[in-house]
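Peer 1: Show me how the following folds:
(one chain, ligands or ions: 2)
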Amino acid sequence: MKVRIPSGTAFLGISLIAAIAACSGATTQTVDATVCSSKTQWIGGDEESEEMHPGRDCIDCHSRQDGPGFQFAGTVFPKSSENNDCFGTANAVVEITGSDGKTISLTTNAAGNFHSNSSVAKPYTAKLLIGGKVVGEMGSAQTNGSCNSCHAQTPIGGAPGRISSN
Ligand code: HEC
Ligand code: HEC
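Peer 2: Residues are numbered from 1 along each chain as shown. Ligands and ions are numbered 1, 2, ... in the order given. Down below sits the predicted model:
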């Protein structure tokens with residue numbers, strides 16, 4: 001006869017530890033600079049936060065999983081190549097200009113994330129400013145407001161990598 005209780009107990013123990021860790025409120029951890037230039041990584045899963053999942057496609061996931069609807073959202077990073085869930089550059093400014101000439105300025109938070117419910121007429125262009133200076137400019141006009149959909153871990157649509165200062 002097989003005794004199943006010990007393995008079941010061990011499994012329960014591991015589950016409890018995981019549950020306690022999840023409840024302790026840590027949504028980030030410190031990692032090596034080879035993993036994230038910022039050395040900070042999001043580990044909060046889908047817990048609602050404006051610092052969640054830096055680098056991932058915000059609007060796509062929100063539309064599938066009942067997250068808030070945004071017109072524009074994305075992440076600014078220190079380098080053009082960065083893993084998903086790495087914290088990016090705080091206090092950078094993304095300036096989005098619509099085909100109607102209307103401009104929206106968004107400042108990145110501690111995760112490098114930015115998002116907005118305001119819209120401009122599409123297609124739009126975008127600029128990246130750091131310390132008040134323009135360090136990057138998207139010449140091609142876009143219609144999808146989810147910046148990380150192209151500026152992805154594996155860049156899509158000819159994007160040069162992450163929205164970044166170099
Ligand atoms: C893998 C899925 C997923 C990704 C990727 C994702 N989110 Fe979310 N987000 C969610 C879900 C689900 C919620 C709603 C959670 C809830 O209601 O408990 C949410 C909620 C939020 C909220 C509301 C928080 C609040 O306090 O009201 C903000 C802000 C947010 N996300 C920003 C972002 C940004 C910015 C990005 C991209 C850099 C992003 N999210 C990427 C799933 C995601
Ligand atoms: C459909 C794909 C796509 C989307 C969505 C997109 N981009 Fe881009 N982005 C590109 C491509 C392609 C380039 C390179 C060609 C160019 O500069 O136009 C680029 C370049 C850039 C650059 C210049 C990069 C550099 O190295 O100087 C910035 C800044 C930028 N994008 C910001 C944004 C922002 C902010 C958003 C969201 C509001 C966004 N992009 C959404 C495709 C996209």
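
Peer 1: right, is the longest strand along the chain up against ligand 2?
Peer 2: Longest strand in the chain by number of residues (criterion: DSSP state E): strand 133-142. Yes. Part of strand 133-142 sits near ligand 2 under the criterion Cβ under 6 Å from any ligand atom, namely 136, 137, 138, 139, 140, 142. For glycine as for every other residue, the C-beta is placed from the backbone atoms N, C-alpha and C.

Peer 1: Can you give the strand pairings for that strand, parallel or anti for each?
Peer 2: If you go by DSSP bridges, strand 133-142 pairs up with strand 124-130 (antiparallel).

Peer 1: Can you give the distance of the partner strand from its chain's centre?
Peer 2: 17 Å (Cα atoms, centre = their mean, to the nearest Å).

Peer 1: Only the C-alpha atoms, please, for the longest strand of the chain, written as PDB.
Peer 2: Extracted in PDB, the C-alpha atoms of strand 133-142 (Å, rounded to 0.1, in the frame of the first residue of the first chain):
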ATOM      1  CA  LYS A 133      16.200  67.200 -23.800                       C
ATOM      2  CA  VAL A 134      14.900  65.200 -26.800                       C
ATOM      3  CA  VAL A 135      16.800  61.900 -26.900                       C
ATOM      4  CA  GLY A 136      14.700  60.000 -29.300                       C
ATOM      5  CA  GLU A 137      12.000  60.700 -31.900                       C
ATOM      6  CA  MET A 138       9.700  58.300 -33.700                       C
ATOM      7  CA  GLY A 139       9.400  59.600 -37.300                       C
ATOM      8  CA  SER A 140       7.000  57.000 -38.500                       C
ATOM      9  CA  ALA A 141       3.400  57.500 -37.600                       C
ATOM     10  CA  GLN A 142       1.600  54.800 -35.600                       C
END
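
Peer 1: Check which residues of that strand are buried.
Peer 2: Of the residues in strand 133-142, those with enough neighbours to count as buried (16 or more other Cβ atoms under 10 Å) are 136, 138, 142.
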